[in-house]
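>>> model this:
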Amino acid sequence: MVLYDHLVDWEADLDGGRWNAFVAAISSEPQQPPNRERNRTAVLVAMMTTGAIASHFARIDAEIAQATALAESTGPPQFADFLRGYALRTGEQDVMLQAHYRQLAERAVTTMFGAR
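Residues are numbered from 1 along each chain as shown. Down below sits the predicted model:
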């Protein structure tokens, strides 16, 4: 859940001076105020040009799968049900975020180089 939170509020974390796992996975710059804009740029570029979003969501999915398996074997069934629903919701967010940044990248290319 923390990995998901870091993905969806990475900009707020950067602005607030809080360390963020998603930013750390993309940028080698320390997450300190003098590097804020370089980190922001690195994340935005990665989200538009690489599989950064898909990679991070794959990590989230793997963690949810492990938690679900553990909940199924040791916890109340309601918790495992919650985790399965959580996985579905984060999967939907994955698809939406990837589509959004793919569209932004296409607009940027069109703006810089004209229509294909």
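
>>> buried residues in stretch 46-66?
Within stretch 46-66, the residues that qualify as buried are 46-48, 52-53, 56-57, 59-60, 63-64, counting by 16 or more other CB atoms under 10 Å. The way it works is simple: take the backbone N, C-alpha and C, and place the C-beta from them, glycine included.

>>> before we move on, what about stretch 7-23?
Buried residues in stretch 7-23 (16+ other CB under 10 Å): 7, 10, 13-14, 20-23.

>>> tell me which of the residues you listed fall in helices.
Residues from those lying in helices, with DSSP state H as the criterion: 7, 10, 13-14, 21-23.

>>> for those, which one is nearest Arg40?
Distances from Arg40 to these, taken as CB to CB, are shortest for Leu14 (5.9 Å).

>>> and the pLDDT for that closest one?
Leu14 is assigned a pLDDT of 96 by the prediction.

>>> I'd say it and Arg36 touch.
Yes: contact criterion CB atoms under 8 Å: Leu14 and Arg36 qualify, at 5.6 Å.

>>> can you name every helix or strand that the host helix or strand of Tyr101 contacts?
Tyr101 belongs to helix 77-113 when assigned by DSSP states H and E. Packing contacts for helix 77-113, counted by 3 or more CB pairs under 8 Å, 6 or more residues apart in numbering; DSSP states H and E, involve helix 2-8, helix 36-49, helix 52-74.

>>> need the contact list for Ile64.
Residues near Ile64 by CB atoms under 8 Å, 6 or more residues apart in numbering: 83, 86-87, 90.

>>> pull out the buried members of these.
Buried members of those, counted by 16+ other CB under 10 Å: 83, 86-87, 90.

>>> I'd like the residues you listed written out as a markdown table, with distance to Leu97 and pLDDT added.
Formatted as a markdown table, the buried ones among the contacts of Ile64 follow (distance: CB to CB, whole Å; pLDDT from 0 to 100):
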| residue | distance to Leu97 | pLDDT |
| --- | --- | --- |
| Leu83 | 21 | 97 |
| Tyr86 | 16 | 96 |
| Ala87 | 16 | 96 |
| Thr90 | 10 | 96 |
